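# Need the 3D shape of this:
(one chain, ligands or ions: 1)
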Amino acid sequence: MGKALIIGAGGVASVVVHKCCQNPEVFEEIMIASRTLKKCEALKRKLDGGKTKIQTAQVDADDSNQVIALIERFKPDVVINVALPYQDLSIMDACLATGVHYLDTANYEPPDVPKFEYKWQWAYRDKYEKAGITGLLGCGFDPGVTGVFCAYAQKHYFDEIHYIDILDANAGDHGYPFATNFNPEINIREITAKGRYYKEGEWVETEPLEIKRVYDFPEIGPRNIYLLYHEELESLAVNIKGVKRIRFWMTFSDNYLNHLRVLQNVGMTSIEPIEFEGKMIQPIQFLKAVLPDPATLGPRTKGKTNIGCIIQGVKDGKPRTYYVYNVCDHQECYREVGSQAISYTTGVPAMIGAMLIIKGIWRKPGVYNVEEFDPDPFMEALNKYGLPWKEDFSPDLVD
Ligand SMILES: NC(=O)c1ccc[n+]([C@@H]2O[C@H](COP(=O)([O-])OP(=O)(O)OC[C@H]3O[C@@H](n4cnc5c(N)ncnc54)[C@H](OP(=O)(O)O)[C@@H]3O)[C@@H](O)[C@H]2O)c1
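Numbers count the residues shown, from 1 in each chain. Sure thing, here's the model as predicted:
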């Protein structure tokens, strides 16, 4: 049926590739292209021989022209960008130049400013509309499935949504004193930034990790959760009409936060370039080089993740509360695709989004966030492709 160009060959890309190969009726051919060719070739070696034909290529996706050349050679229906957020705009430009649909899992962030927002990518709306191509932004789990969950709640259970709390728990243990579950640079930049949430049309800013609660997660148990700014808050505040408050919460262990605090105190998480042995380096990139590669955590990580949305609002004049979540087991993910659950929960939705674009089900000219499409086919696909969800109509609330 279709062809996908997958850019990136890290933890998330590996899951995308596995999942595309499990779905060969849709993904007849894929090309894995990344900065380091041998990582693409290693993935191809693992999965070659099935129905999906696999090619590989080297590309520096910071350079639009290289991506354009690759697209012209391979002629994909969709580009799945699972490199880093820094490449979003150059890859979007290449899709625009060649008339190919685009999908990513994280919004653009300039390399030298730790600030992510949608304005850069939303600025492509008119251009994508005129070109007749779809740009699907933030199609991982959070952002991604969390937006689909909200759209599903809006469609089936609420006349008005007033409050949304997005809860992301990772109770996995990899046995290392300190490691991040996805790209350390992106992960640490996100956590060390100021917190922010949406309330009555305003953004309320907090100090990093200033607001803490305890939440008793289904299948995981009680965990400390911290209020963070997360990119889906920006699009949901626009797309869920009438919402009064949206917050995002993530679990962190005391051990993780202690290590992070020390690394921050000694300057290792800084993105300010410093001179080291005659070369300019960013301390956080050096830190990334010495930390365990997230792609290698799979075999060691035990435990579960639970990510979902608690939504409060009104249906038929009566108050209603709804909790929809997915629980994912790190070891089960590893047995299936050789990755831990963080990569799995991101890669599966990226494959589903690309599948819906290829099938023409989620295709409309312009640039969109996931909650702007019909959630039903996506929700059905989550159950089918490894991320089943559960519902609870009387959950505990976050105060
Ligand atoms: N929405 C969600 O739920 C969610 C959750 C987790 C992660 N994410 C996002 O998923 C993406 C991938 O994360 P990950 O954990 O897989 O990261 P990763 O393991 O670091 O992989 C990133 C890949 O991108 C490649 N790359 C970097 N710069 C490139 C360039 N200029 N040209 C071509 N390839 C380049 C890297 O190549 P090298 O091998 O040469 O370094 C690597 O293969 C990130 O954007 C992350 O923010 C989203």
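
# Output the residue of this structure whose distance to the ligand is smallest.
Shortest the chain-to-the ligand distance, computed as C-beta to the nearest ligand atom: residue-wise this is residue 10, at 1.9 Å. For glycine as for every other residue, the C-beta is placed from the backbone atoms N, C-alpha and C.

# in the stretch 51-200 of the chain, which ranges drop under the pLDDT threshold?
Residue ranges of the stretch 51-200 of the chain with pLDDT under 70: 114.

# Point to the residue nearest the middle of the protein.
Nearest to the geometric centre of the chain sits residue 140, at 3.5 Å (C-alpha atoms, centre = their mean).

# For residue 208, see how far away that one is.
As defined by C-beta to C-beta, to the nearest Å, residue 140 lies at a distance of 23 Å from residue 208.

# got a list of what the residue of the chain closest to the ligand touches?
For residue 10, the contacting residues are 34, 39, 82-83, 183, 294-295, by C-beta atoms under 8 Å, 6 or more residues apart in numbering.

# what number of residues lie near the closest residue to residue 83 other than its chain neighbours?
Nearest non-adjacent residue to residue 83, counting by C-beta to C-beta, 6 or more residues apart in numbering: residue 8, 3.8 Å away. Other residues within reach of residue 8, judged by other C-beta atoms under 10 Å, total 28.

# Check residue 371 too.
If you count neighbours by other C-beta under 10 Å, residue 371 ends up with 23.

# wait, what's in contact with it?
With C-beta under 8 Å, 6+ apart, residue 371 has these contacts: 147-148, 150-151, 235-236, 239-240.

# circling back to that earlier point, spit out the contact partners of the residue nearest to residue 83.
Per C-beta under 8 Å, 6+ apart, neighbours of residue 8: 34, 61, 81-84.

# ok, and which of those residues reach the ligand?
When contact is defined as C-beta under 6 Å from any ligand atom, the contacts of residue 8 meet the ligand at 34, 61, 82-84.

# On the three-state scheme, residue 129 is what?
Recorded secondary structure, residue 129: helix (DSSP: H, G, I helix; E, B strand; the rest coil).

# My read is that residue 142 contacts residue 169, right?
No: contact between residue 142 and residue 169 fails when scored by C-beta atoms under 8 Å: they sit 11.2 Å apart.

# now, which of the contacts of residue 371 sits nearest residue 198?
residue 236 (8.0 Å; C-beta to C-beta).

# Where does that closest one fall, secondary structure wise?
helix 231-239 (DSSP states H and E).

# mean confidence for the helix or strand just after that helix?
Note on helix 231-239: by DSSP H and E, the next helix or strand toward the C-terminus is strand 245-251. Per-residue pLDDT over strand 245-251 has a mean of 97.

# returning to what we had before: same list, the contacts of residue 371, but as JSON lines with neighbour count please.
As requested, the contacts of residue 371 are exported to JSON lines (neighbours: other C-beta atoms under 10 Å):
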{"residue": "147", "neighbour count": "29"}
{"residue": "148", "neighbour count": "29"}
{"residue": "150", "neighbour count": "27"}
{"residue": "151", "neighbour count": "22"}
{"residue": "235", "neighbour count": "22"}
{"residue": "236", "neighbour count": "25"}
{"residue": "239", "neighbour count": "18"}
{"residue": "240", "neighbour count": "22"}
